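Participant: Pasting the sequence and the predicted model now:
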Amino acid sequence: MTHPALNTELCRLVGVEHPIVQTGMGWVASAKLTSATANAGGLGIIASATMDLPQLADAIAETKARTDKPFGVNLRSDAPDVMERAELMAKEGVKVASFALAPSEALMKSLKDKGLVCIPSIGAKRHAEKVAGWGADAVIVQGGEAGGHTGSVPTTVLLPQVVDAVDIPVVAAGGFFDGRGLVAALAYGAAGMAMGTRFLLTSDSPVPDAIKQIYLGKRVTDTVVTTQVDGYPHRVLRTPFVDELDKTNALTSLPRAIANAVRFQKMLGTPWTQLIREALSMKRSQELSWSQVVMAANSPMLLKASMVDGDVASGVMAGGQVTGLIEDLPSCAELIGRIVTQASQVLDAFEAANLEAGKGA
């Protein structure tokens, strides 16, 4: 039986059965994975950064065809068509808007006015305080153990800071994979936990099986944080290609980034005028140099090479340190079921121990 402590404020906020979030990983968080998570009682989130607007519409439609449970969409807050995406989400009854980079106060207000629950991801206490002041409904707090774009402060230090600083539900991310982690997150004061790598390594994930096997063969020490993917600290699996990438400099990395930008444009069919608008928006909102803006084109294409095409020799694999603790590929239903069972058992054991201690007092 599910322990009542697992019915948290997050569950009530977004309408899910269990306080477990599947994050919006580019090329990974597909309609299939998102709907499988939702059907298992968690909050699934579609990754839209690597989709154009029609592709996002298709992904939402497919997700709705697969589940009648709440789900979310992860947005790029600096995308020129972010309001069109928000209109689509509101029209289609999407429950949650999440963000890899914090949205502006005006954007968040507009999304909330459309009835969307806004849950930004943050990596610092001050960022949590800022978005809470702007009206965020909850925050995902990602510690440095996490895969993909990450900070340097571990979850066990960052999480209690944020829980003490804001009065909205806090979701813990970075280093979680089982029921013990969920109980630990709740003990810190979080309202749930979010996982990326653990959901990537499920049978419902669209990642090629050969790539999943590479993940399963890694140890906790087999990830590295590099800035050579797109200019930001990025935790990925260590591979010969990543080691070579780390040796590059501006003279060698920028030509690759430009070539990737051309490939990305052709793949999505996005007009160059729109890509230029996106670049200008990114430069302004994130205060980037032009070389950093160009480097940003690397990330989606280097991830696609591995996550979609299965090409390890010319792609990167984002992954948290928790990769080394994962040994199997369950379905989302199996994964969430055993997390909830284990968490309930741990909580029941605590209560039983306290009762026994009380009898002996």
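Facilitator: Structure's in. What do you need?
Participant: tell me the contacts of the closest residue to Gly324 other than its chain neighbours?
Facilitator: Nearest residue to Gly324 in three dimensions, chain neighbours excluded: Val220, at 3.3 Å (CB to CB, 6 or more residues apart in numbering). Quick note: C-beta positions are derived from backbone N, CA and C, even for glycine. Residues near Val220 by CB atoms under 8 Å, 6 or more residues apart in numbering: Gln321, Val322, Thr323, Gly324, Leu325.
Participant: ok, Ala59 touching Thr50?
Facilitator: No. Under the criterion of CB atoms under 8 Å, Ala59 is not in contact with Thr50, lying 10.5 Å apart.
Participant: Most neighbours among the contacts of Val220, which one?
Facilitator: The most crowded member of these, judged by other CB atoms under 10 Å, is Thr323 (26 neighbours).
Participant: doesn't that residue fall inside a strand?
Facilitator: No. Counting by DSSP: H, G, I helix; E, B strand; the rest coil, one finds Thr323 to be helix, located in no strand.
Participant: Grab the nearest non-local neighbour of it.
Facilitator: Nearest non-adjacent residue to Thr323, counting by CB to CB, 6+ apart: Lys218, 4.9 Å away.
Participant: what secondary structure does the closest residue to Cys332 other than its chain neighbours sit in?
Facilitator: Take Cys332 and drop its neighbours on the chain: the residue closest to it by CB to CB, 6+ apart is Ala36, 4.0 Å away. When classified by three-state DSSP, Ala36 comes out as helix.
Participant: Just to check, Ala36 is in contact with Asp204?
Facilitator: Yes. Using CB under 8 Å, Ala36 is in contact with Asp204, at 3.9 Å.
Participant: any shared contact partners between these two?
Facilitator: Ser331, Cys332.
Participant: Those two: who's more crowded?
Facilitator: Per other CB under 10 Å, whichever of Ala36 and Asp204 has more neighbours is Ala36, with 26 against 23.
Participant: Pull stretch 350-361 out as PDB, backbone CA atoms only.
Facilitator: These are the backbone C-alpha positions of stretch 350-361, laid out as PDB (Å, rounded to 0.1, in the frame of the first residue of the first chain):
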ATOM      1  CA  PHE A 350      10.600   4.300  10.300                       C
ATOM      2  CA  GLU A 351       7.200   4.400  11.800                       C
ATOM      3  CA  ALA A 352       7.500   0.900  13.200                       C
ATOM      4  CA  ALA A 353      10.900   1.700  14.700                       C
ATOM      5  CA  ASN A 354       9.500   4.800  16.400                       C
ATOM      6  CA  LEU A 355       6.500   2.800  17.800                       C
ATOM      7  CA  GLU A 356       8.900   0.200  19.200                       C
ATOM      8  CA  ALA A 357      11.100   2.800  20.700                       C
ATOM      9  CA  GLY A 358       8.000   4.400  22.300                       C
ATOM     10  CA  LYS A 359       7.000   1.200  23.900                       C
ATOM     11  CA  GLY A 360      10.400   0.800  25.500                       C
ATOM     12  CA  ALA A 361      10.500   4.400  26.900                       C
END
